[in-house]
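**Q** just to be clear, the model below is a prediction. Sequence and coordinates:
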Amino acid sequence: MKTRAKCSWRVFALINAVLLLGLALSSCSTMEVDSSPSDRFADKGYRSFSWKTELPTGVSGSMDSLYRLSSTVREVVSAELQKKGYRYDESGGEFLISHEFHAGLTAGAPSVTPDFGPSSAVINRGTDPALADNSYALSGPKEVASLTLHFEDGGNLAPVWTATLSQVVENRNQPDLDKVRRKLKPGIAKAFRRLPDAPTA
């Protein structure tokens, strides 16, 4: 019974992360991109890639959101890699790609208070409204959704590169996959700037 409850909780958490990512990528806030150094990947001289696992087919209900968002991620990632000269193979690629979704909270930033120095004298200075608004907006925890891409060597499954795209969830409107795709493209293209183009010879 405990195992089943644990499994159900993981599925719920995964679905929640997927929905949050869709919502975040539908919004207008800035996407943060963080990636590991690409030296190990570059040294291998890869030319082709495959997805580590196949997407399940025939899904329904709440899992359909996972399927549709995962399909969108794969389309964008594959297109951006092909622009850099990498060839997609259904299986047996020289490097393998997997991805995972996360949802969490940022700790928030401390309130911003003007610092005029120990010897400064400020007479009749009122609160700056813009500064106060920014302080309020940054003070609390924020809901953040993230997508992490893992690249592994196709021969020994050793990790060779990782990138994470994160964005604050500003609202909870129904995610629009077309907006998600438009938002993902520049984010993934930015992450892939660290990767070399595929060798031509």
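**A** Noted; the coordinates are in hand.
**Q** give the buried residues for the host helix or strand of residue 179.
**A** Take DSSP states H and E as the rule and residue 179 turns out to sit in helix 177-192. Buried residues in helix 177-192, counted by 16 or more other C-beta atoms under 10 Å: 177, 180, 183-184, 187-188, 190-192. For the C-beta atoms, the positions are set from N, CA and C on the backbone; glycine is no exception.
**Q** enumerate the beta-bridge partners assigned to residue 159.
**A** With DSSP bridges applied, residue 159 shows beta-bridge pairing to residue 152.
**Q** show me the contacts for it.
**A** Going by C-beta atoms under 8 Å, 6 or more residues apart in numbering, residue 159 touches 150-153.
**Q** avg pLDDT for stretch 143-162?
**A** Here stretch 143-162 scores 92 as its mean pLDDT.
**Q** regarding it, how distant is the last residue from the first?
**A** For stretch 143-162, the first-to-last residue distance is 22 Å (C-alpha to C-alpha, to the nearest Å).
**Q** so residue 67 makes contact with residue 73?
**A** No. The criterion here is C-beta atoms under 8 Å, and residue 67 misses it with residue 73 at 10.9 Å.
**Q** quick one: which of these two has more around it?
**A** residue 73 (22 against 16; other C-beta atoms under 10 Å).
**Q** name the helix or strand for the nearest residue to the more buried one once chain neighbours are set aside, please.
**A** Nearest residue to residue 73, sequence neighbours excluded (C-beta to C-beta, 6 or more residues apart in numbering): residue 99, at 5.7 Å. Assigned by DSSP H and E, residue 99 belongs to strand 95-105.
**Q** in a strand, residue 73, correct?
**A** No. If the criterion is DSSP: H, G, I helix; E, B strand; the rest coil, then residue 73 is helix and not within a strand.
**Q** that one: what's it in contact with?
**A** By C-beta under 8 Å, 6+ apart, the neighbours of residue 73 are 99, 147, 184.
**Q** shouldn't residue 189 be in contact with residue 80?
**A** Yes. Using C-beta under 8 Å, residue 189 makes contact with residue 80 at a distance of 5.5 Å.
**Q** where's residue 162 relative to residue 168, distance?
**A** 21 Å (C-beta to C-beta, to the nearest Å).
**Q** quick one: contacts of the helix holding residue 179?
**A** 22, 25-26, 31, 33, 35, 68-69, 72-73, 75-77, 79-81, 84, 147, 149, 163, 165, 167.
**Q** do the same with stretch 193-201
**A** So stretch 193-201 is contacted by 35, 37-38, 41-42, 45-47, 84-87, 161, 163 (C-beta under 8 Å, 6+ apart).
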